[in-house]
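Chemist: Here's a sequence, model it:
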Amino acid sequence: MDSKGERATRRRGAELEAAILDAAWEQLSQRGYSGFTFEAVADRAETSRPVLYRRWPTRADLLKAAVEHHGAGQDTTAPDTGNLRDDLLTALRRSNAQRSDFLVLMSASLGGYYEETGLSPRDVREFLLGRHRLAIEDILERAVERGEADPERLTPLVRAVPYNLYRHEVMMSLHAVPDETLEAIVDDVFLPLVTPRDR
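Modeler: Coordinates of the predicted model:
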């Protein structure tokens, strides 16, 4: 047996599952949902289709697992620089580095998945983020404590503004967002919305 076959047969349990899900994410990112087949993922993971079918009966199940697996490896902690502006910019820059490719994928490549499952980009985003507390919540909580943000102005819609604008920019350009645009989102749009009026 060649070294590839030996490596494939040695993997078991969590190691094999992680290898499959890494391969699935790579296949999804590079080929979109149209190229996201059991055969392609099995070939990339150096395993067999029956191994995949035993764990994930459908392509949609495999996609959900791959997105959740990818999200579990991302840093979701809230930056704590000491001020709201820098916390937000640090968080947005991190999202730009970690997630812009995922947002492009959601926008440009998953139409068939949404049609097949009846799900939406919001649902797929929740697969990625899981049940983690969002960094923006901790950032804004500390900003209120420091007197940098007015809690009465932090409605659910306002809280969502930085990331909604960021996602819009990615989905419209299909690229990571330039840093000057991230700064404009924070300085020109969000901070004027939440800064106490007496400051």
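Chemist: and K64, what is it in contact with?
Modeler: With contact taken as Cβ atoms under 8 Å, 6 or more residues apart in numbering, K64 is in contact with F127. In this view, the C-beta of every residue, glycine as well, is placed from N, C-alpha and C.
Chemist: same question, V189
Modeler: V189 is in contact with 161-162, 165, counting by Cβ under 8 Å, 6+ apart.
Chemist: Which members of these occur in helices, if any?
Modeler: In this view, the contacts of V189 that belong to helices under DSSP state H are 161-162, 165.
Chemist: quick revisit: turn the contacts of V189 into a markdown table, columns for distance to T58, neighbour count and pLDDT.
Modeler: Listed next are the contacts of V189 as a markdown table, based on distance: Cβ to Cβ, whole Å; neighbours: other Cβ atoms under 10 Å; pLDDT from 0 to 100:
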| residue | distance to T58 | neighbour count | pLDDT |
| --- | --- | --- | --- |
| V161 | 36 | 17 | 97 |
| P162 | 35 | 25 | 97 |
| L165 | 35 | 19 | 97 |
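Chemist: before we move on, back to that, just the ones in helices among the contacts of V189 now: which is nearest G118?
Modeler: Checking the ones in helices among the contacts of V189 against G118 by Cβ to Cβ gives L165 as the nearest, at 27.5 Å.
Chemist: Neighbours of the closest residue to the closest one other than its chain neighbours, how many?
Modeler: Of all residues beyond its chain neighbours, the one nearest L165 is I185 (4.8 Å), with distances taken as Cβ to Cβ, 6 or more residues apart in numbering. Residues near I185, counting by other Cβ atoms under 10 Å, number 23.
Chemist: just the one 5 residues further on next, same as before
Modeler: Using other Cβ under 10 Å, F190 is surrounded by 22 other residues.
Chemist: What of S107?
Modeler: Using other Cβ under 10 Å as the criterion, the residues surrounding S107 number 16.
Chemist: Right, I'll leave it there.
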